[in-house]
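[1] Just the structure for this:
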Amino acid sequence: EDDGDGGEGGDDARPQSEAAVRRSVLSVSSGDRIMDGIETADRESKEIASFRRLAEEKGGQQQQARAPNPLLFGMDPPSYVLWILRSVKSADLEQSLLVLPLGHVGRLMHYLIALLRRGNGVEVCARVAVFLVRAHQAQIVSNRTMTAPLRELRGLVRDRTTDVRDTVGFNMAALRMIARIADERRNERVDTREKSMKEIWGNLAK
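    As a prediction, this is how the structure comes out:
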């Protein structure tokens, strides 16, 4: 009987352990995808800089515009990194970020700053930025090259989240006003309908 109970306990635990392993594998896979996305964006950034430098060396002469990179689906490097981050399931995002080497963390912070400057993907960027700082706080603080980017990133996260909160508050106030106006008009229609019915029955009684 004891063996049977142990077997049943093992069967109950096995699906949970398999789910944990599967989730771990998916997180590693997503982390690799983020790393590949950062590296692809870095290569594109270097090619764009090289193209602009070549144009300046030619004295600003008219030349054909640089074609978008199909590997980035026509997006610029920061937008492509944002697309990669959004492609990761929300539940797996933080685990996926844990597998990033410190060098990739620094590059990702660079793209987060670029995105937040433009006000793109504020929610995702703020979440990723806060998690990266918490997870790699000791390494980031000890790395002097990250001091200035970290300071700017902190300011951008604070400013952009404040903007989003203000926008959401304004929209909620507008929705409440619309709902109040709709209720008032509905009540007016009800009062008008009741009044007209009373007039009709009153005329029939005469």
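[2] if I look at the residue nearest the centre of the chain, how far off is Gly169?
    Nearest to the mean C-alpha position of the chain, by Cα atoms, centre = their mean, lies Val124 at 2.3 Å. Using Cβ to Cβ, to the nearest Å, Val124 is found at 21 Å from Gly169. Bear in mind the C-beta positions are built from the backbone N, C-alpha and C, glycine included.
[3] got it, and Ala182?
    20 Å.
[4] and if you look at Glu44?
    From Glu44 to Gly169 the distance is 38 Å (Cβ to Cβ).
[5] same question, Leu98
    To Gly169, Leu98 is 34 Å away according to Cβ to Cβ.
[6] Settle it for me: which of those two has more neighbours?
    Using other Cβ atoms under 10 Å as the criterion, Leu98 and Gly169 rank with Leu98 on top: 13 against 10.
[7] Contact partners for the more buried one?
    By Cβ atoms under 8 Å, 6 or more residues apart in numbering, the contact list for Leu98 reads 27, 31, 135.
[8] Could you pick out the buried ones from those residues?
    Neighbour-count burial (16 or more other Cβ atoms under 10 Å) is assigned, among the contacts of Leu98, to 27, 31.
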